[in-house]
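[1] need a 3D model of the sequence below.
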Amino acid sequence: MKNDDKTLAAIVRATAGQDFSHLSRRRFLLAGGATISFGALLAACGGGEKSGIARVGLAPETTALPDAPVTDVTLLRTATSLEHNAIFVYEAVAEAGLLSGDAAQIAARFLADHKAHADATASLTSSLGGTPFNEPNPRLQSLYIEPALALVTSAEDPAADSLALAYALETLAGATYQFYVPMISDPSLRAQAMGIGQQEARHAAVIGSVLNPDRLVSSNGLAIKAEYREEGDPSPFYAVPSTFGTQSPVPVTLGPTNESGSRTTVNLETPSLNSMVYEYLDGE
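    A predicted model of the protein is given here:
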């Protein structure tokens, strides 16, 4: 018996007595079609110089992405762009008059801080021979910032939503600088990043206190849960047990309530590789 005949006989013996009634005609035809197509593909790939896979029309030529390593300049340019995201939000809120009183004064102070941070990171970029990126981060601006601001302006309480968005942005900024520190190769730049990052974290803490005034201890300005206020020394409740801060997405709920009684939640994320401001990108 030939080898092919032996193989066929083995298959017949192996499948004898099995119930194939569950296979519909359509599935059988699909399986058969897949087998035929695979056989045709193998035939097209084999043979001499004239063999090959047929195609219809002409595919456009693709342009390879530039070689873009994540350098210290890239990180600084991205950091500057994030500062301009925050500047954009604070200026938009101020122009719309959404905040008043102490909240407006806090926002004005934080706006000035972000402008100083943007100037500092831009100057550091120039000192490394790079070109500063003095614009909002394009990807974050289109995906998060502009939609979030549209929700804020249409909310039942625009002031509260403005503060919620500001809190999320400050938290995101602090997490971003924390994320950048081990990526920066120049030790002196790491110190600069840590300094700016801790200021962003302080911004978030202040806004959090405004959003949750019931958790304030007026005598020392610390935010602390009510059950711990009478315990005396609050320092144990402020001990940092591990890595400071979080690098997970920052959710913020904004905008009007819909028909189902819920509101929109936007998840802000620290810049990933596809939102870095690489050196080949332009920016004024």
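
[2] show me where the stretch 151-284 of the chain has its helices.
    Here the stretch 151-284 of the chain has its helices, by DSSP state H, counting those that start in this stretch, at 158-180, 187-211.

[3] nearest to S123, of the ones you listed?
    Shortest distance between S123 and these, using Cβ to Cβ, is found for helix 187-211: 10.0 Å. In this view, the C-beta of every residue, glycine as well, is placed from N, C-alpha and C.

[4] give me the low-pLDDT residue ranges for this protein?
    For the chain, the stretches with pLDDT under 70 are 1-59, 62-66, 214-247, 283-284.

[5] what's near enough to touch the residue lying closest to G197 once chain neighbours are set aside?
    Excluding its sequence neighbours, the residue lying closest to G197 (Cβ to Cβ, 6 or more residues apart in numbering) is Y177, at 2.9 Å. When contacts are counted by Cβ atoms under 8 Å, 6 or more residues apart in numbering, Y177 touches 79, 193-194, 196-197, 200.

[6] redo that, cut-off 7 Å
    By Cβ atoms under 7 Å, 6 or more residues apart in numbering, the contact list for Y177 reads 79, 193, 196-197, 200.

[7] buried set for whichever strand or helix holds E91?
    In this assignment (DSSP states H and E), E91 forms part of helix 72-96. Across helix 72-96, burial judged by 16 or more other Cβ atoms under 10 Å covers 72-90, 92-93.

[8] what's the answer for stretch 126-142, then?
    Neighbour counts over stretch 126-142 (16+ other Cβ under 10 Å) mark 130, 132-137, 140-141 as buried.

[9] next: stretch 110-120.
    For stretch 110-120, burial by neighbour count (16+ other Cβ under 10 Å) applies to 110-111, 113-115, 117-118, 120.

[10] follow-up on the earlier one: which of the contacts of Y177 has the most neighbours?
    The residue in these with the most neighbours, by other Cβ atoms under 10 Å, is A79 (29 neighbours).

[11] next, check the buried residues of stretch 110-120 against the strands and list the overlap.
    Using DSSP state E, no member of the buried residues of stretch 110-120 falls within strands.

[12] could I get those residues as a markdown table with distance to N258?
    Output for the buried residues of stretch 110-120, formatted as a markdown table (distance: Cβ to Cβ, whole Å):
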| residue | distance to N258 |
| --- | --- |
| F110 | 31 |
| L111 | 31 |
| D113 | 35 |
| H114 | 32 |
| K115 | 36 |
| H117 | 36 |
| A118 | 36 |
| A120 | 42 |
